[in-house]
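Peer 1: sequence and predicted structure below; questions after.
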Amino acid sequence: MKALCVVLCLVAGASSAQEEASRPEPHRPAFTFQPVASLLVLTRGASLNEALVLMLPVGMSVPLEERWKQWELMLELTPIYAKERDFDASLALALAVGATWFKNDAPLHQGFFLQPKLVGTVLRGTSYNGNQVSPVMTQVTVGLDIGYRVPVEIGQLDFLVGGGVGWGWNVPERTPSLFLPLLSSRLGSDRTNKVVWDPNLHLLRVGLTF
């Protein structure tokens, strides 16, 4: 009888350990950055009008639990600096908040996802060696990114495309938004309030878990 009890205890312990090992590891928060967009705008800006454009989208993703376990909160901050030799300089700051939804049939927080988000941008420009300062320009857009997440040893890789549409105040009249003129030419002097739109130039987001 004692031998039978010992065997049953061993079997129960082994089953419990196997169940624990097969249980997926909880998804952890990640620090994110998007290097492709930064390299694209730097290369593009340097090739046109001797411009220098620097930007670095950084942020965090925080997974939710229980009945919201398919969702992940996203916060992202993007500083942008654009400088043309002897001419305009612009400093912008964009803040994005959103939520990422993953499909049911995929492993937790992997595979195909949708990411709706709200983005606010503020820009201030100076011209002619700082002798003139432009009024503050702002825009708010609602966007949607579609992507696919691949887990890696140090975190995750998100491949994504998308865009957003919204409203701008005191934005350049001849460009779709505040972002696009920073990549090719000066902001210009004509301003207006209008509908704005932006494509998603990020393409790749790298997440480092901690």
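Peer 2: Cool, the structure landed. Numbers count the residues shown, from 1 in each chain.
Peer 1: CA atoms for contacts and neighbours, from now on please.
Peer 2: Fine.
Peer 1: can you pull out the strands in the protein?
Peer 2: Here the chain has its strands, by DSSP state E, at 30-33, 51-55, 58-63, 71-84, 89-102, 111-127, 132-133, 137-152, 155-172, 191-199, 204-209.
Peer 1: helices or strands up against the fifth one?
Peer 2: What that stands for is strand 89-102. strand 71-84, strand 111-127 (3 or more CA pairs under 8 Å, 6 or more residues apart in numbering; DSSP states H and E).
Peer 1: Val62 is nearest to which of the ones you listed?
Peer 2: Distance to Val62, taken as CA to CA, is lowest for strand 71-84 among the helices and strands packed on strand 89-102, at 5.1 Å.
Peer 1: tell me the mean pLDDT over that closest one?
Peer 2: Averaged across strand 71-84, pLDDT comes to 89.
Peer 1: which residues does the most centrally placed residue in the chain form beta bridges with?
Peer 2: Central residue of the chain (CA atoms, centre = their mean): Glu76, 5.6 Å from the mean position. Beta-bridge pairing for Glu76 (DSSP bridges): Gly59, Ala96.
Peer 1: please shift the residue numbers so they start at 11 in all later answers.
Peer 2: Got it, first residue is 11 now, which makes that one Glu86.
Peer 1: contact partners for it?
Peer 2: Pro67, Val68, Gly69, Met70, Leu105, Ala106, Val107 (CA atoms under 8 Å, 6 or more residues apart in numbering).
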